[in-house]
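> Need a 3D model of the sequence below.
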Amino acid sequence: MSYVEVPGAKVPIRMWADPATVEGGAMQQLQNVATLPWIKGLAVMPDVHYGKGATVGSVIAMQGAVCPAAVGVDIGCGMSAVKSSLTANDLPGDLSRLRSKIEQAIPVGRGLHRSEVDPGRLYQFPTSGWGDFWSRFDGVADAVKFRRERAALQMGTLGSGNHFVELCVDTSDSVWLMLHSGSRNIGKELAEFHIGEAQKLPHNQGLVDRDLAVFVADTPQMASYRHDLFWAQEYAKYNRAIMMALFQEVVRREFRKARVTFDQVISCHHNYVAEERYEGMDLLVTRKGAIRAGSGEFGIIPGSMGTGSYIVKGLGNAASFNSASHGAGRKMSRSAAKKRFSTRDLEEQTRGVECRKDSGVVDEIPGAYKPIEKVIEQQRDLVEVVAKLKQVICVKG
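A predicted model of the protein is given here:
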């Protein structure tokens, strides 16, 4: 579908979702964002749903300002995926051992590595810039109590919630490795600290929603936020790269006789800020629950833990600020999902997937999410499908 334009106070709201199906709270948030004095454009993805301050599934372009809540508290959260030389025929009938090996290699939930992961020993890990990355930690906000030691031990860990590690098979029977995670607790603490700092600033006192507080250009507060933001985005990128390398090591060991090889890893943020130029303006573009989909750029749009995911290639649609959705998007809250669904429902909806099927992940049940096929169909002018994947193993925290 092409977008529907809904009137907004400062800019029109371009929607790749049916406005009639968007929850009232989310629509109000979009209208609130459209009132910001610095806004130059607002694009809404088909997986849009209510968030903190700004909706998940929105792309906000501002000039000379950035809104931390429009990035999200999991700074740099995103996806990585890689195609392997394995095929479905190489996989054993019982995948429980392989799932267990993945869980042993990659700590989940609040788990940490016992010692820092040495990237020099990891398979095809891009170590360029690694030393400089950690040296810049000293400049991160003093108010953040989360120190380097624990941040280092969390590097290469999954977390919980909707984060996952999956082994998938595409429609040609090729096996893929895929994962979803972000900047762990250090990103969350940095985001919450800076949201609080922004809310204190005089220019934010008259906003319709205090969670939409912004930093403006050429101020020390903006400089501090940009430093921490870009550092956290890089942390998230390295976190996924380390997990993917650990995942690849597990697969290479478990299928030693197959001498597994891998294609180039595809990686993309979906909670982040980028400096981009549109209509002759230098803008700060925040994508909260959205990926960049520039012409020819690869992206990953996952569904839920029992449905499937898509590898896509961007079409470079400037109307969406070269963006696309980041996933299926929730259609109900976690608490609502827990009330509505049981572990028996979870077992039914994840049949054929080697994964947790206990009460601790009922809130991630496929029924709590929008249908991924419809979400893809609604953005045919934003991306083209390269591959459709179906998970056979799903590891969650």
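> my read: L86 touches V260, true?
Yes. Under the criterion of CB atoms under 8 Å, L86 makes contact with V260 at 5.8 Å. C-betas here are computed from N, CA, C, even on glycine.
> quick one, which of the two is more surrounded?
The residue with more neighbours, out of L86 and V260, is L86; 22 against 18, by other CB atoms under 10 Å.
> got the contact list for the more buried one?
Under the criterion of CB atoms under 8 Å, 6 or more residues apart in numbering, the neighbours of L86 are 174-175, 251, 255, 258, 260.
> same thing with E373?
E373 neighbours (CB under 8 Å, 6+ apart): none.
> again with T35
Contacts of T35 by CB under 8 Å, 6+ apart are 8-10, 207-208.
> Any of the contacts of L86 buried? List them.
174-175, 251, 255, 260 (16 or more other CB atoms under 10 Å).
> how distant is stretch 72-84 from the center of its chain?
With CA atoms, centre = their mean, to the nearest Å as the basis, stretch 72-84 stands 5 Å off its chain's centre.
> Could you do stretch 26-36 as well?
Using CA atoms, centre = their mean, the offset of stretch 26-36 from its chain centre is 22 Å.
> so where's this structure shaky on pLDDT?
Low-confidence segments of the chain, defined by pLDDT under 70, span residues 1, 138-146.
> now the helices for it?
24-33, 96-105, 130-135, 148-154, 184-199, 220-254, 334-340, 343-349, 372-377 (DSSP state H).
> circling back: so what sits against both of L86 and V260?
With CB under 8 Å, 6+ apart as the test, L86 and V260 both reach V251.
> hmm, back to that, return the closest of the contacts of L86 with respect to M15.
S174 (34.9 Å; CB to CB).
> Does the closest one touch T87 like I think?
Yes. In terms of CB under 8 Å, S174 counts as a neighbour of T87; the distance is 6.1 Å.
> related to what we said a few turns ago, tell me the two of the contacts of T35 that are most distant?
So, these by CB to CB: farthest apart are G8 and L207, at 15.0 Å.
> that older thread, for ChimeraX, write the select line for the buried members of the contacts of T35.
The following ChimeraX line selects those of those that are buried, judged by 16+ other CB under 10 Å:
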select :8,207
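> closest to M222 among the contacts of T35?
Using CB to CB, those come closest to M222 at L207, 16.6 Å.
> which non-adjacent residue is nearest the closest one?
A213 (6.5 Å; CB to CB, 6 or more residues apart in numbering).
> Let me see the contact set for the one you found.
67-69, 195, 198-199, 201, 204, 207 are the contacts of A213 under CB under 8 Å, 6+ apart.
> if I look at the residue nearest to T261 when sequence neighbours are not counted, how far off is R253?
Among residues not flanking T261 along the chain, S85 sits closest, at 4.5 Å (CB to CB, 6+ apart). S85 sits 15 Å away from R253, going by CB to CB, to the nearest Å.
> neighbour count winner among those two?
Taking other CB under 10 Å, S85 and R253 do not tie; S85 has more neighbours (14 against 11).
> related to what we said a few turns ago, kindly reformat the contacts of L86 as JSON lines and extend each row with distance to S96.
Shown next, in JSON lines, are the contacts of L86 (distance: CB to CB, whole Å):
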{"residue": "S174", "distance to S96": "22"}
{"residue": "V175", "distance to S96": "17"}
{"residue": "V251", "distance to S96": "15"}
{"residue": "F255", "distance to S96": "16"}
{"residue": "A258", "distance to S96": "19"}
{"residue": "V260", "distance to S96": "20"}
